[in-house]
Structure formats: C-alpha cells, structure tokens
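Asks: Provided below are the primary sequence and the corresponding predicted coordinates.
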Amino acid sequence: MWKRSLLDVKVKRGADVGSDHHSTTADIKLKLRANGKNTRSWKQFDIEKLKESNVRKEYTTLIRNRFRILENLNDEDDTETTDDKWGEISEIFTKCAEESIGFKQKQKHKDWITPRTWDNIIIRRETKKKLNEAKSQRLKERYQLEHSQIHRNVNRMVRNDKRANMDSLAEKAEEAANKGEKGNLYKITKIICGKNTASSNIHVKDKLGNLLTSENEQEQRWTEHFSELLNRPTPTELPIIAENNNELEISIEPPEMNEIIPAIKSIRNGKSPGNDNLNAELFKLEPVIDWIMRQTTANTPRDIRWGTFTTLENLDFADDLAFI
C-alpha cells in the first residue's frame, strides 16, 4: 500500500464498539490480481435434520414415491444408459432433499448471546449516540454516567451468557462421549478450546529443546530437519524382492447385490459431498436399500423377486439374504 492509495478518512463517532476510542473508515485504492472464479457455488444440505424423526419420515416418503415413478418409467424405456439412470437418481435425491431437509443456514456470529442481552446492547448504542450528539456539558455528564452503567450491565450479561453456553457445550460433549459420537465430541471440544481456526503460531525448537523465536532461526531449523530426513545415505545391501507369478482373480462382471449393499452401508458419515452435492447420509436410508434390492433381484434366474410390498416369492433362498 502506498501513500497515494489513501483517498479519504472519516471518524464514526456513533459506532458502539464498547470502547472510549472512535471507529474510523478509510477509502483505499488498490490494484488487485484476479484469482479466478469459485466453481463451487452450491449450498450444502442440512444433514443434521435427518436425526429428527419427522424430517426423516418425510424424506423417506418422498424418496419411496419418486422411486416408484422412476420404476414405471424404466419399464417403458429400455434404451437408457448408466449415466442417464444416474442423472435421474441424483435428481430425485436432490429434489427430495430440497423439499424435506433444506440447506444449511449461515449461523450468526456469537449466537450464544441471548435476546435480552442484545436489547441492552441496542440501548447502549442509543445512549452512545445521545452522548455524541449532546451539546451542553450537563447532558454529556448525564449521558456519560448512564452509558457507563449500561456498559457494565452489558458486560455482566455477556459473561453470564458465555458461561451458560460453555456449560451447555460441556453437557453436549458429555452426552456425545456417552453415545460414542466422536465427530460431534471433536467439534464441541474445538469450540470450547477456541481452536476453530488454524493457527500459524507454531513453536519450533532446536535439537537441545531450546525455543527458537526469530524467523531466521526457525527457517534454518526447518531446513536442517528436512535435510536430515530426506538426504539419506544409499543402502549397502539392496532388498531382494521375488516376482509374483500368481495371477489374481479379479472379477470384471457388474457388481452383485451382496457387494452393493455392504458398500453403501460402509460409507462414512460426516464427510463433505462430491460434485453431485449429495451426502452419504442421503443414500443409507431404508428406501434406497430397498430400491437397490428390488432392482438387483427383479430378473434373477433363481426366481427371486423383491416385490413392491417387500416380500420374497422364493423363501427357500431367504437365508442367503440374511446378511441384509
């Protein structure tokens, strides 16, 4: 930034920042380099709502109804490719998730502050405005005394709200630990410890354990560490690895039902969605498994069929499906 980049400066005397200093704004002229557009502009679904029974039931009903419509369309059209079928399936998941689950909403900063505290913050802001606009010394002294009292009350209420929020987070962490929910426990622990953002303040020590404070010493220590780690001497004896002449039996046939169902159930929860913006939790519900079973057993040569009403026509082969 150069001296000529500063175009104008203004003092905001009415800003309520809880300090004796006034906020300032400045108009700065900068030349920025374009970094390209962000290709990912979609919103993520609020998967946490699937834990609610009414939302999960609504989503399940929508998925089941739309799959029945899709089955009727597939019976009429046999020229669809795999990509066309996946396009229809992903569209069904997306529309059902939009109607029943919805997207994640942007959370407010410091949402643990109660409405009563926010009302007092607004009163403090209005008192600060009156103090700045007062002309006589008598009014300034009165508003200053009033502002100081309200400011102490706001600080006390904010401390109480933060303490109550910490107690609530501790109870949620204890509950998550009892239920074995390690993901939620890790997130809550990060919030309590105040480690929501990555920190660049990394302590670097030398070989003797002394803390290095200057940047040059830290850079030299990093250089020394990686030089010793990567520059290894050539081994004197090379390992003898025998060639394996046995051919592996790898099936190139389409996946079977006993491979598809465990693959779907083994997908880990709590992961970011891919390019289709569909989370793993959306696929692991009962209607999805039911639809896959009906599709994979509809035309089997052993006369097995998973019907619309979830019945097996050949009960002698039911033991083979017990893993489901």
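Replies: Okay, I see it. On a predicted model such as this, the values are computed, not experimentally measured, just so you know. Numbering: from 1, shown residues only.

Asks: Give me the pLDDT for the residue nearest to the spatial centre of the chain.
Replies: Central residue of the chain (CA atoms, centre = their mean): S272, 6.6 Å from the mean position. On the pLDDT scale, S272 is placed at 82.

Asks: Please apply the same query to L62.
Replies: L62 is given a pLDDT of 86.

Asks: Doesn't it lie inside a helix?
Replies: Yes. L62 sits within a helix when classified using DSSP: H, G, I helix; E, B strand; the rest coil.

Asks: Just list the residues touching it, thanks.
Replies: Neighbour list for L62: K95, C96, E99, S100 [criterion: CB atoms under 8 Å, 6 or more residues apart in numbering]. Heads up, the C-betas are built off the backbone N, CA and C, glycines and all.

Asks: got those as a markdown table, with pLDDT, distance to F45 and neighbour count columns?
Replies: Formatted as a markdown table, the contacts of L62 follow (pLDDT from 0 to 100; distance: CB to CB, whole Å; neighbours: other CB atoms under 10 Å):
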| residue | pLDDT | distance to F45 | neighbour count |
| --- | --- | --- | --- |
| K95 | 89 | 12 | 13 |
| C96 | 87 | 10 | 22 |
| E99 | 89 | 11 | 11 |
| S100 | 88 | 10 | 20 |
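
Asks: Now do the helices for the chain: every range, in order, please.
Replies: 53-76, 82-100, 115-133, 137-179, 182-193, 215-230, 257-265, 286-296 (DSSP state H).

Asks: what's the closest of these to D8?
Replies: helix 115-133 (20.7 Å; CB to CB).

Asks: Give me the contact list for the closest one.
Replies: Contacts for helix 115-133 (CB under 8 Å, 6+ apart): 13-14, 16, 18, 139-140, 143-144, 146-147, 150-151, 153-154, 157-158, 161.

Asks: from the helices of the chain, which stretch is densest packed?
Replies: Mean neighbour count (mean count of other CB atoms under 10 Å) peaks for helix 286-296 among the helices of the chain, with a mean of 17.

Asks: And I28, how far from I101?
Replies: Applying CB to CB, to the nearest Å, the value for I28 to I101 is 43 Å.

Asks: my bad, should have said I192
Replies: Distance from I192 to I101, by CB to CB: 28 Å.

Asks: Likewise for P273?
Replies: 13 Å.

Asks: Between the two, tell me which one has more neighbours.
Replies: Between P273 and I101, counted using other CB atoms under 10 Å, the more crowded position is I101 (23 against 15).

Asks: thought the more buried one was touching K49?
Replies: Yes. Applying CB atoms under 8 Å, one finds I101 in contact with K49, separated by 5.1 Å.
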